[in-house]
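# predicted model follows, preceded by the sequence.
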Amino acid sequence: MSLKRILTLGIETSCDETAAAVIADGKYILSNVIASQIDLHQRFGGVVPEIAARKHIEAIFPVIDQALLDAGVKLEDIDVIAVTYGPGLVGGLLVGLQAAKSLAFALGKPLVGVNHIEGHIYANILAEPDLEPPFICLTASGGHTDLLHIPEFGHYEILGRTRDDAAGEAFDKIARVLGLPYPGGPQIDRLAKAGNRGAIDFPRGLGGEDTFDFSFSGLKTAALNYINRARQMGEEINLPDFAASFQWAIVDVLSAKVIRAAKEKGAKQIILSGGVAANSSLREKVRTLADPLGIGVLVPPPVLCTDNAAMIASAGHFKYAAGHAHGWDLNAFPNLQLE
Ligand code: KG4
Ligand code: ZN
């Protein structure tokens, strides 16, 4: 006799990816469909919320259909519907929520709202199904940079977060000024590989040991000043050196704080999540610092680091298993924080 698997449909529309996924038992990906709008937003140098919302409306049901098709299941087979309800762009969130609520209502299935940041944490469960807390988690992406101690699933101790820009935002803003396409993080990561990270000494915001918070606005200003000065002087910027030095200023601070947090909390496992966790230098640096201390480092594959619905389905599955579900009045919370 085979035990029935619990199937969760996840829906994610918080930014510029329309995504749907079906996962089994919270840990196993049956399908993971991501329709990216990046091409549309590239010519504006960043995400335009109104365009994003409209595109989500067009894409949401085809993407859900594709996720069901890829998973080889029917809508009626789904047990739980999980959807991102914040943080993110309100127009996009509302599209995902409306789709999720309509389906859940029509099918008589439970609806679970998921915090997008919590979703990023669960991307690690999909990458490593046996993963057990406690661990230190850095979630860094275009909208958030949070350093967390997770003693058990569902329990988040916030050690620090950014006081201004998110790490990914800093990457994107500076890349844009350099004329690189959106999103800037992968572009800078690529250029940096051929550069000298010691070429330019950029500031480390809140780089000291007295806080786990981050600040990237000083770095952003210093990088802008560097670019403007070079342009005024008619000097060519060495892009690989600039990218490597700029990236290093971010990676240096992120990695040092993650390691200090692990030491302070006695954690033997670090997990990285969010789009910036796809950064090759960050992955390498955290591993290099953690290895000699006997601390494990888990980073999901890049496709699970950036926005996707499998991570939302995973977080939703475990929330539902812990007895949480939402009513039809579930609303979008653009500034939702982890608690
Ligand atoms: O998690 P995500 O897909 O969306 C948000 O929730 O924001 O993260 C997107 C962010 C963007 O700022 C992008 O530039 C950054 O992650 N990113 C990277 C890399 N890949 C994506 N930043 C640095 N290096 C990368 N390889
Ligand atoms: Zn994200």
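Nice, I can see it. Given the structure is predicted, the values throughout are model-derived calculations rather than measurements. Ligands and ions are numbered 1, 2, ... in the order given.
# which ones are touching Leu107?
By Cβ atoms under 8 Å, 6 or more residues apart in numbering, the contact list for Leu107 reads Leu75, Glu76, Ile78, Ile81. Every residue, glycine included, has its C-beta placed from N, CA and C.
# and the contacts of stretch 290-308?
In contact with stretch 290-308 (Cβ under 8 Å, 6+ apart) are residues 12, 14-15, 17, 19, 21, 32, 34, 116, 120, 123-124, 126-128, 131, 141, 259, 262-263, 267-278, 283, 286-287, 310-311.
# same deal with stretch 281-288?
For stretch 281-288, contacts defined as Cβ under 8 Å, 6+ apart pick out 140, 189, 192, 197, 247-248, 250-252, 254-255, 258-259, 270, 272, 276-277, 297, 299.
# flag every residue of this protein that's near ligand 2.
In this structure, the chain approaches ligand 2 at residues Ser141, Asp307, judged by Cβ under 5 Å from the ion.
# picking that back up, how about the contacts of Leu107, which pair is most distant?
The span of the contacts of Leu107, defined through Cβ to Cβ, is set by Glu76 and Ile81 at 12.3 Å.
# ok, so of the contacts of Leu107, who is nearest Ala325?
Ala325 lies nearest to Ile81 out of the contacts of Leu107, by Cβ to Cβ, at 9.8 Å.
# flag every residue of this structure that's near ligand 1.
Residues of the chain lying close to ligand 1 by Cβ under 6 Å from any ligand atom are 15, 141-143, 168, 171-172, 183-186, 189, 274-276, 278-279, 306-307.
# inside helices: which ones of the residues you listed?
If you go by DSSP state H, the residues of the chain next to ligand 1 have Gly168, Phe171, Asp172, Gly184, Gly185, Pro186, Asp189 in helices.
# what comes up buried for the helix ranked longest in the chain?
Across the chain, the longest stretch assigned as helix under DSSP H is helix 239-265. For helix 239-265, burial by neighbour count (16 or more other Cβ atoms under 10 Å) applies to 239-262, 265.
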